[in-house]
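Output the structure for:
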Amino acid sequence: MNSLRPFPTHQPSEPRFKLNFNVSRSPSGLDFSFGLVAQTPADLDAIVIPERASSPDRKDELWKSTCLEIFVGPEGGREYLEMNLCPSGNWNLYSFRSYREGMKLADDGHAPLVTIEKSPRGDEKTWVGRLRLHPDLAPAELAATLASRSLVMGATAVIEYKNGHREYWAIAHAGEKPDFHLRESFRLIL
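Numbering: from 1, shown residues only. This next block holds a predicted model:
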């Protein structure tokens, strides 16, 4: 289990919570979960968490509100994938040749959010997802690289509060401002 932390200039005041991330790799892809744990149900209620959509769909600009994100690429390489996942189930997947260059939609064909679980006390939400890696996911050379090498990953989140405040959370913040695309922030090795 890995803990995400807010960017230093965006330290939360109230409410306070923890954001955890877990991932495992299999031959067919990545299974992951984000767990948001608040001190009280009221703390969790202060965060914008869209309800599950009846038909989750691929959408752009999910990062403008509460959004969970994964950045993953081959260790030692420059290319990477960015997956955006809204708690509603809406999602998107992009491939990049290098830092913020060559962005393309990566075809996946299915929504990655598998389940949403809320604790009986109402102070915790967990999102469980799956990212499948296959030849149609991205350009052939990227799919082959992801399937055959060690991967580096960054897990991140934008948390929006109902008062309009946003925080930028990550396992590691490498830049002087929140920038989830910085390769130096991809600290998990799979």
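
beta partners for the nearest residue to residue 72 once chain neighbours are set aside?
Once flanking residues are discounted, residue 72 sits nearest to residue 153: 4.5 Å by CB to CB, 6 or more residues apart in numbering. For every residue, glycine as well, the C-beta is placed using N, CA and C. For residue 153, the beta-bridge partners are residue 72, residue 188 (DSSP bridges).

If I look at residue 140, what pLDDT would I see?
pLDDT, residue 140: 58.

One more: the one 10 residues further on?
Looking at residue 150, its pLDDT reads 88.

Could you report the distance from it to residue 72?
Going from residue 150 to residue 72 by CB to CB, to the nearest Å gives 11 Å.

With residue 186 instead?
7 Å.

who touches both of those two?
Counting by CB atoms under 8 Å, 6 or more residues apart in numbering, the residues touching both residue 186 and residue 72 are 80, 152, 153, 154.

from the residues you listed, which single one is nearest residue 48?
Lowest distance from residue 48 to those (CB to CB) belongs to residue 154, with 22.4 Å.

Can you give me the distance of the closest one to residue 52?
Residue 154 is 25 Å from residue 52, by CB to CB.

Give the residue from these two that has the larger number of neighbours.
Taking other CB atoms under 10 Å, residue 154 and residue 52 do not tie; residue 154 has more neighbours (27 against 15).

Next up, the contacts around residue 47.
Neighbours of residue 47 in contact, by CB under 8 Å, 6+ apart: 15, 17, 36, 38, 66, 159, 160, 161, 162.

Name the nearest residue to residue 73, sequence neighbours excluded.
Closest residue in space to residue 73, ignoring its immediate chain neighbours: residue 80 at 3.1 Å, by CB to CB, 6+ apart.

shouldn't the one you found be in contact with residue 96?
Yes. Shown here, residue 80 and residue 96 form a contact pair, counting by CB atoms under 8 Å, at 5.4 Å.

The residue nearest the centre of the chain - nearest residue in space that isn't next to it in sequence?
The C-alpha lying nearest the average C-alpha coordinate of the chain belongs to residue 69 (CA atoms, centre = their mean; 1.8 Å). Ranked by CB to CB, 6+ apart and with sequence neighbours excluded, the top spatial neighbour of residue 69 is residue 156, at 4.5 Å.

Can you classify the one you found as helix, strand or coil?
Assigned by DSSP: H, G, I helix; E, B strand; the rest coil, the conformation of residue 156 is strand.

can you count the residues close to residue 122?
Residues lying near residue 122 (other CB under 10 Å) number 13.

who touches it in this structure?
41, 44.

Run me through the strand neighbours of the helix or strand where residue 33 lies, direction for each.
Element membership of residue 33 [criterion: DSSP states H and E] is strand 29-38. As defined by DSSP bridges, the strand partners of strand 29-38 come to strand 17-26 (antiparallel), strand 124-132 (antiparallel).
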